[in-house]
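Engineer: coords please:
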Amino acid sequence: MRTLLVGLDAACERVLDPLVAAGDLPALAELLDDGASGPLESQVPPWTASAWPSLYTGTNPGKHGVFGFLAFEGYDWSVVDATDVRQPPLWQLLDHHGLSSVVVNVPVTHPARPFDGALVPGYTAPDEPECHPAGLLDDLRAELGGYRVYADDESTDAGDRDAQLDDLRALARLRGRAFRHLVERFDPAFGFLQFQVTDTVCHQFPGDRAAIGAVYRAVDEQVGAVLDATAPDAVVVASDHGIGPYERRVAVNQALREAGLVTATREGGGMPTWASLRDGSLRDDGGATDARGVAAGLVGAAARAGLTAQRVGRALDRLGLADAVLRVVPDDLVRAGSERVDFPASRAYVRSRVECGVRLNVAGREPDGVVPPDEYEATRRTVMELLAALETPGGEPVFEDVAPREAYFEGPAAEDAVDVVAVPRRFDSYVTAWLTGETVAPVDGPAWDHRRHGVVALHGEGVDPAAGVAGAHLFDVAPTVLATLGLPAAEQMDGEVLDPVDPVGVRRYPDRQAVDGGGGDAGDAVEERLSKLGYIE
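Structural biologist: Next comes the predicted model:
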């Protein structure tokens with residue numbers, strides 16, 4: 001193997017440094033310490049489903065077209081997949097040069113495009129993903145005694161800490177074993193192995209150093225085994241974003257409603273739904289016996305079953321519990337469960353919290369737009385001024401930057417983005433789509449989510465560690481990988497080759513190939529997993 005790219009979702013210095021210092025990650029420590037390494041600035045928005053396509057295409061979301069976990073068609077949405085990615089990934093560019101690749105567990109790669117090599121999709125793929133070439137999943141399951149994309153829901157839902165950690169470690173081993181098997185079978189020039197469990201453990205066990213360390217050690221063992229088995233000439237380690245504690249939630253739709261820009265509805269459609277509440281303020285604390293805790297648990301259980309507000313009300317009525325719930329659950333949470341943003345009737349709204357911004361309901365662009373095109377800029381300025389004025393309880397601005405979308409997105413897909421980008425200060429606040437009585441409020445209990453800076457490391461032949469990686473950006477990973485293979489970057493890429501590797505110039509590559517068989521439906525199971533992490537509200 002000439003170049004190995006190891007993807008560690010959410011890895012950052014906050015997580016890695018203490019584990020490396022303790023000697024827990026020998027394989028990664030060697031790559032970090034002996035190579036050129038440092039922080040890797042992510043994009044806005046710094047979330048998995050948008051950031052990994054940016055990393056593997058070298059382009060901003062305005063070019064590749066994925067801005068979050070959801071793709072919107074008017075007011076409707078679906079979970080994104082590879083058909084939404086408009087730019088060619090690294091392995092397709094390498095195929096153009098006659099080089100083969102093995103790609104395992106990379107998010108937003110299902111269904112696979114044709115190329116020389118093998119691909120096993122990762123996050124946002126269905127439970128039974130279509131691999132490339134056809135029949136590969138059956139081959140893997142026969143070889144490994146089973147293969148799966150996602151964690152075990154039973155252990156997660158049961159809250160069994162040991163079982164959850166065992167399952168995440170098992171997933172790490174599956175990734176490593178699958179990758180080594182496919183490398184032996186296909187003998188690729190390029191390999192790309194991604195670990196999602198490094199992100200999952202931080203969401204499931206925020207701040208739990210023992211749990212995080214246990215999963216990272218399992219990942220490090222697999223990285224070491226892959227390095228031994230493949231002996232790559234060059235290694236690139238990269239994360240899509242960092243992670244860390246969050247202090248508060250910011251209900252932007254509530255602020256927009258108070259300003260007369262959002263209209264609420266109690267009918268179907270719109271956001272937020274019960275799914276957004278089950279992991280937030282209505283979560284049972286695991287041991288509360290007071291009336292409020294019991295009622296919250298009942299409502300949370302209904303949410304986990306996917307019940308609408310209306311169906312929850314009818315069920316509670318039959319059990320004689322409706323009045324009790326209304327008495328002890330705060331008014332704003334009851335309203336949040338039953339009131340949603342009426343997209344067609346609103347002038348502006350948050351569609352999805354991970355988009356980091358507000359979309360305007362523009363006439364002629366949205367199906368039932370109410371903002372005339374000649375009022376677009378004035379309405380956008382109103383929204384920007386409103387968001388810029390939001391403050392924390394300590395009097396600090398909630399957002400470090402509030403800007404028009406063109407400040408962050410450029411390309412043919414930029415029209416699909418939010419119109420106003422809002423970047424949380426230090427990324428310590430959740431931007432939510434909830435309608436609640438309180439615009440800015442502290443989070444309940446420990447919570448970790450995405451931060452702007454991940455990590456990058458370059459090691460091996462053609463890498464000058466002394467050059468350093470100061471100023472490294474997510475968009476720089478793809479052109480740097482190409483340079484380690486002696487290949488020019490694509491002219492549409494927004495990044496540059498990092499200093500430790502010599503650039504090879506820039507050229508025009510063929511456009512992205514169509515996806516064989518068309519798009520795939522992620523299905524209810526995938527939507528539920530995304531919802532559990534709060535990515536679909």
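Engineer: For the nearest residue to V501 once chain neighbours are set aside, give me the pLDDT.
Structural biologist: Distance criterion C-beta to C-beta, 6 or more residues apart in numbering; nearest residue to V501, sequence neighbours excluded, is A483 at 4.7 Å. C-beta: built from backbone N, CA, C; applies to glycine. At A483 the predicted local confidence, pLDDT, stands at 98.
Engineer: A helix includes A483, no?
Structural biologist: Yes: with the criterion set as DSSP: H, G, I helix; E, B strand; the rest coil, the secondary structure at A483 is a helix.
Engineer: residues in contact with A422?
Structural biologist: Neighbour list for A422: 252, 356-358, 387, 399, 401-402, 431 [criterion: C-beta atoms under 8 Å, 6 or more residues apart in numbering].
Engineer: rewinding a little: could you report the distance from the residue nearest to V501 to A414?
Structural biologist: Counting by C-beta to C-beta, to the nearest Å, the gap between A483 and A414 amounts to 27 Å.
Engineer: now swap in V371 and tell me
Structural biologist: V371 sits at a distance of 18 Å from A414 (criterion: C-beta to C-beta).
Engineer: one step back: mind checking which of the contacts of A422 land in helices?
Structural biologist: Cross-referencing the contacts of A422 against helices under DSSP state H gives 252, 387.
Engineer: Would you format the contacts of A422 as a markdown table with pLDDT included?
Structural biologist: Output for those, formatted as a markdown table (pLDDT from 0 to 100):
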| residue | pLDDT |
| --- | --- |
| V252 | 97 |
| C356 | 96 |
| G357 | 98 |
| V358 | 98 |
| L387 | 98 |
| F399 | 98 |
| D401 | 98 |
| V402 | 98 |
| V431 | 90 |
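Engineer: What subset of the contacts of A422 is buried?
Structural biologist: Burial by neighbour count, judged by 16 or more other C-beta atoms under 10 Å, picks out 252, 356-358, 387, 399, 401-402, 431 from those.
Engineer: can you tell me which two in those are farthest apart?
Structural biologist: Taking C-beta to C-beta as the measure, those span a maximum distance of 14.6 Å, between V252 and D401.
Engineer: helix, strand or coil for L31?
Structural biologist: When the structure is reduced to helix, strand and coil (three-state DSSP), L31 reads as helix.
Engineer: OK, contacts around it?
Structural biologist: Counting by C-beta under 8 Å, 6+ apart, the residues that L31 touches are 37, 235, 237, 457, 459.
Engineer: mind listing the strands in the stretch 51-200 of the chain by residue range?
Structural biologist: With DSSP state E, counting those that start in this stretch, the ranges of strands along the stretch 51-200 of the chain come out as 70-73, 76-79, 101-104, 117-120, 190-195.
Engineer: among these, which is nearest V226?
Structural biologist: Using C-beta to C-beta as the measure, strand 190-195 is the one of the strands of the stretch 51-200 of the chain that comes nearest V226, at 6.3 Å.
Engineer: Can you get me a residue count around the residue nearest to Q222 when sequence neighbours are not counted?
Structural biologist: With sequence-adjacent residues excluded and distances taken as C-beta to C-beta, 6+ apart, Q222 is closest to G176, at 3.0 Å. Using other C-beta atoms under 10 Å, G176 has 22 neighbouring residues.
Engineer: what sits against G176?
Structural biologist: The neighbours of G176, taking C-beta under 8 Å, 6+ apart as the test, are 193, 221-223, 225-226.
Engineer: still on that earlier bit, neighbour count: V371 and A414, which is higher?
Structural biologist: V371 (22 against 17).
Engineer: Was I right to think the more buried one contacts G364?
Structural biologist: No: the pair V371 and G364 does not pass the contact test of C-beta atoms under 8 Å, sitting 9.6 Å apart.
Engineer: roughly how far out does the longest helix along the chain sit from the chain middle?
Structural biologist: Counting residues, the longest helix in the chain under DSSP H turns out to be helix 161-186. Distance of helix 161-186 from the chain centroid (C-alpha atoms, centre = their mean, to the nearest Å) equals 20 Å.
Engineer: now do stretch 25-33
Structural biologist: Centroid displacement of stretch 25-33 relative to its chain, using C-alpha atoms, centre = their mean, is 25 Å.
Engineer: Could you do stretch 135-146 as well?
Structural biologist: Distance of stretch 135-146 from the chain centroid (C-alpha atoms, centre = their mean) equals 27 Å.
Engineer: Give the buried residues for it.
Structural biologist: Of the residues in stretch 135-146, 136-137, 139-140 count as buried by neighbour count, 16+ other C-beta under 10 Å.
Engineer: now, which of these sits nearest D76?
Structural biologist: Nearest to D76, judged by C-beta to C-beta, of those is L137 at 29.9 Å.
Engineer: quick one: the residue nearest to that closest one when sequence neighbours are not counted and E221, what's the gap?
Structural biologist: In this structure, L137 finds its nearest non-sequential neighbour in C131, 4.7 Å apart by C-beta to C-beta, 6+ apart. As defined by C-beta to C-beta, C131 lies at a distance of 24 Å from E221.
Engineer: The two: who's more crowded?
Structural biologist: Taking C131 and E221 together and counting by other C-beta under 10 Å, C131 has the greater number of neighbours (26 against 17).
Engineer: Might one say that the more buried one is in contact with G117?
Structural biologist: No: between C131 and G117 there is no contact under C-beta under 8 Å: 11.3 Å.
Engineer: Quickly note the distance from D208 to L165.
Structural biologist: Plainly put, D208 is 10 Å away from L165 if you go by C-beta to C-beta.
Engineer: Compare the two (neighbour count), which wins?
Structural biologist: Taking D208 and L165 together and counting by other C-beta under 10 Å, L165 has the greater number of neighbours (22 against 16).
Engineer: what's near enough to touch the more buried one?
Structural biologist: L165 sits next to 201, 205, 211, 214-215 when contact means C-beta under 8 Å, 6+ apart.
Engineer: In these, which residue is surrounded by the most others?
Structural biologist: If you count neighbours using other C-beta under 10 Å, the busiest of the contacts of L165 is V201, which has 29 neighbours.
Engineer: Now it: which helix or strand?
Structural biologist: With elements delineated by DSSP states H and E, V201 resides in helix 197-204, which encompasses its position.
Engineer: Run through who's touching the helix or strand following that helix.
Structural biologist: Toward the C-terminus, helix 197-204 is succeeded by helix 209-230 as the next helix or strand (DSSP H and E). Outside helix 209-230, the residues that touch it by C-beta under 8 Å, 6+ apart are 1, 4, 6, 8, 15-16, 18-19, 22, 24-28, 161, 165, 168-169, 172-173, 175-177, 179-180, 183-184, 191, 193, 195, 197-198, 200-202, 204-205, 235.
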